[in-house]
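Engineer: Dropping the sequence and predicted coords here.
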Amino acid sequence: MNDAFIYGYAVEGENFTDREAETKRLKANFEHGVNTLLISNRRIGKTSLVRHVGRLVNPKKATVVYLDIFDCRSEYDFYNKLATAILQQTSSKLDSILQNAKNFLSRVSPKISMGPDPTSEFSLSLGITPKEYAPEQILELAENIAKKQKKRIVVCIDEFQQIGEFPDSLSVQKRLRGAWQLQQNVSYCLFGSKKHLLTNIFQNKSMPFYQFGDAIYLGVISTENWVPFICGKFKKHGLRIDEELASRICSEVENYSSYVQQLAWLVMLHTEREVSSEIIDVAMNELIAQNSALFMQQTEGLSSYQMNMLRAIAAGIHNGFLSQEVLETYRLGTKSNIPRIKKALIDRDIVEQRETGLYISDPVFNKWFRRF
């Protein structure tokens, strides 16, 4: 049963559901060289969508390169990861990889590490440092390889918000935009898990990546599409779940993809023949418990005012924080405190501003916090 529902990493194949409109749009962008900025809350399924589309792209039309820069802490960490991913994923042969490095990265001496099995994958280390290398050749690497191979390359960069954390980040962003916007054979898909930081990078008119590409705002998968997926998985494993209860699984976690899969899996573990409301209650408690350590970490360091605003939001207060009643009931201090408290919580991606007010970003965090 371990393949019934997948969460915690990108899903594929029969574990990937819906996203037909987004898949069609993103695939067209990839194949026609349109830059894409993918924005959504975490746990919605951005990485799964990008990888899914990458597998659908006709390899004769484009080569899709994927890299995750979550662990990059500096500009040159990024250049090493970018160049390594491009070299490795644009060729399946070691000699071609080394030849491309020689042709287009003249001052780099690649280090190759092989596993004990000669047929296994190898790791590549470039050792790019500020003293030894200027970034221009790295930023043009994909374009040069695309010209040589006479086909398009799409570079997909996950956790792109890390760029905003680099020292002298604005200069780095200007350098990247300046190089990438001139390329004719390479397009970029930029996305990540911190919506607030990405929104600032992509939507702030003063930032280099403003209007860099087609902005796709990824929402949740509808209950209408989730229900047959969930029911089908249970049926496949000889179990039964009523459509109403499958719908409840979705509503409990506000249709967030990763949570839907995780909760459905926990429900399946507790089901012998048929799902009941009581089983969903038990599974939901387990889901909250499994994530409690992460949620505790997210609240560490919050001031009493910030915690009090979270309590207000969790209690259903989404507007009117400046009213005397709300200030006194939730002990938020003076009116001048409110903008600072809001900004601090938004900057930490704990809350988000929607059209109807402030909301806790993560639905399971919200349930956990209401018990806190």
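Structural biologist: It's in. Residues are numbered from 1 along each chain as shown.
Engineer: any idea which helix or strand comes after the helix or strand containing Ile230?
Structural biologist: Assigned by DSSP states H and E, Ile230 belongs to helix 223-236. Along the chain past helix 223-236, the next helix or strand (assigned with DSSP H and E) turns out to be helix 243-252.
Engineer: From the contact counts, what lies against the helix or strand just after that following helix?
Structural biologist: Downstream of helix 243-252, the first helix or strand assigned by DSSP H and E is helix 257-269. Packing contacts for helix 257-269, counted by 3 or more CB pairs under 8 Å, 6 or more residues apart in numbering; DSSP states H and E, involve helix 223-236, helix 243-252, helix 277-299. (C-beta placed from N, C-alpha, C; glycine too.)
Engineer: So which of those is nearest Ala312?
Structural biologist: Closest of those to Ala312 is helix 277-299, at 14.8 Å (criterion: CB to CB).
Engineer: Buried residues in the helix or strand following that closest one, which are they?
Structural biologist: Next helix or strand after helix 277-299 toward the C-terminus (DSSP H and E): helix 304-314. Neighbour-count burial for helix 304-314 flags 305-314 (criterion: 16 or more other CB atoms under 10 Å).
Engineer: now do stretch 270-279
Structural biologist: So, applying 16+ other CB under 10 Å, buried residues of stretch 270-279: 271, 275, 279.
Engineer: what distance separates that stretch from the middle of the whole chain?
Structural biologist: Put simply, stretch 270-279 sits 32 Å off its chain's centre (CA atoms, centre = their mean, to the nearest Å).
Engineer: on that earlier part again, of all the helices and strands packed on helix 257-269, which lies closest to Glu165?
Structural biologist: For Glu165, the closest of the helices and strands packed on helix 257-269 is helix 277-299, at 17.5 Å, according to CB to CB.
Engineer: what's the closest one in contact with?
Structural biologist: Residues outside helix 277-299 that contact it (CB atoms under 8 Å, 6 or more residues apart in numbering): 245, 248-249, 252-253, 259, 262-263, 266-267, 269-271, 307, 310, 348, 350, 364-365, 367-369, 371-372.
Engineer: mind checking which helix or strand Ile153 is in?
Structural biologist: Counting by DSSP H and E, the element that carries Ile153 is strand 152-158.
Engineer: What strands line up against that strand, and which way round?
Structural biologist: Strand pairing for strand 152-158, using DSSP bridges, gives strand 62-68 (parallel), strand 186-191 (parallel).
Engineer: so which of the buried residues of helix 304-314 would you say is closest to Gly357?
Structural biologist: Nearest to Gly357, judged by CB to CB, of the buried residues of helix 304-314 is Ile313 at 8.4 Å.
Engineer: so how far is His52 from the closest one?
Structural biologist: Distance of Ile313 to His52, given as CB to CB, to the nearest Å: 34 Å.
Engineer: cool, Tyr217 as well?
Structural biologist: For Tyr217, the distance to His52 - CB to CB - is 18 Å.
Engineer: Same drill for these two, tell me which one is more crowded.
Structural biologist: His52 (20 against 11; other CB atoms under 10 Å).
Engineer: Mind pulling the model confidence for the more buried one?
Structural biologist: His52 carries a pLDDT value of 93.
Engineer: Tell me if it really is in a helix.
Structural biologist: Yes. Assessed with DSSP: H, G, I helix; E, B strand; the rest coil, His52 lies in a helix.
Engineer: Under a three-state scheme, what state does Leu37 occupy?
Structural biologist: Relying on three-state DSSP, one would call Leu37 strand.
Engineer: Mind pulling up the pLDDT for it?
Structural biologist: Listed pLDDT for Leu37 reads 94.
Engineer: which residues touch it?
Structural biologist: Neighbouring residues of Leu37 by CB under 8 Å, 6+ apart: 190-191, 198, 202, 209, 212-216.
Engineer: and if you look at Tyr9?
Structural biologist: Thr47.
Engineer: before we move on, which element is the residue nearest to Ile221 when sequence neighbours are not counted in?
Structural biologist: Excluding the flanking residues, the one nearest Ile221 by CB to CB, 6 or more residues apart in numbering is Asp18, at 4.7 Å. For Asp18, there is no helix or strand it lies in under DSSP H and E.
Engineer: Quick check: Phe234 touching Met268?
Structural biologist: Yes. With contacts counted by CB atoms under 8 Å, Phe234 reaches Met268, the gap being 6.6 Å.
Engineer: The strand holding Ile153: how far from the chain's middle?
Structural biologist: Offset of strand 152-158 from its chain centre (CA atoms, centre = their mean): 15 Å.
Engineer: quick one: low-confidence ranges for the stretch 151-300 of the chain?
Structural biologist: By pLDDT under 70, the stretch 151-300 of the chain contains no weakly predicted segment.
Engineer: Contacts for stretch 315-334, please.
Structural biologist: With CB under 8 Å, 6+ apart as the criterion, stretch 315-334 contacts 304-305, 308-309, 311-312, 335, 338, 341-342, 356-359, 370.
Engineer: can you pull the buried residues of that stretch?
Structural biologist: The neighbour-count check on stretch 315-334 (16+ other CB under 10 Å) flags 317-318, 321, 326-327, 330, 332 as buried.
Engineer: Tell me, what's the model's pLDDT at Asn308?
Structural biologist: 97.
Engineer: Pull the contacting residues for it.
Structural biologist: Taking CB under 8 Å, 6+ apart as the test, what Asn308 contacts is 330-332.
Engineer: what's the answer for Phe30, then?
Structural biologist: Listed by CB under 8 Å, 6+ apart, the contact set of Phe30 reads 36, 53-54, 57, 62, 64, 154, 187, 189.
Engineer: neighbours around the residue lying closest to Arg348 once chain neighbours are set aside, how many?
Structural biologist: Leaving aside its chain neighbours, Arg348 sits nearest to Gln298 (7.2 Å; criterion: CB to CB, 6+ apart). Using other CB under 10 Å, Gln298 has 16 neighbouring residues.
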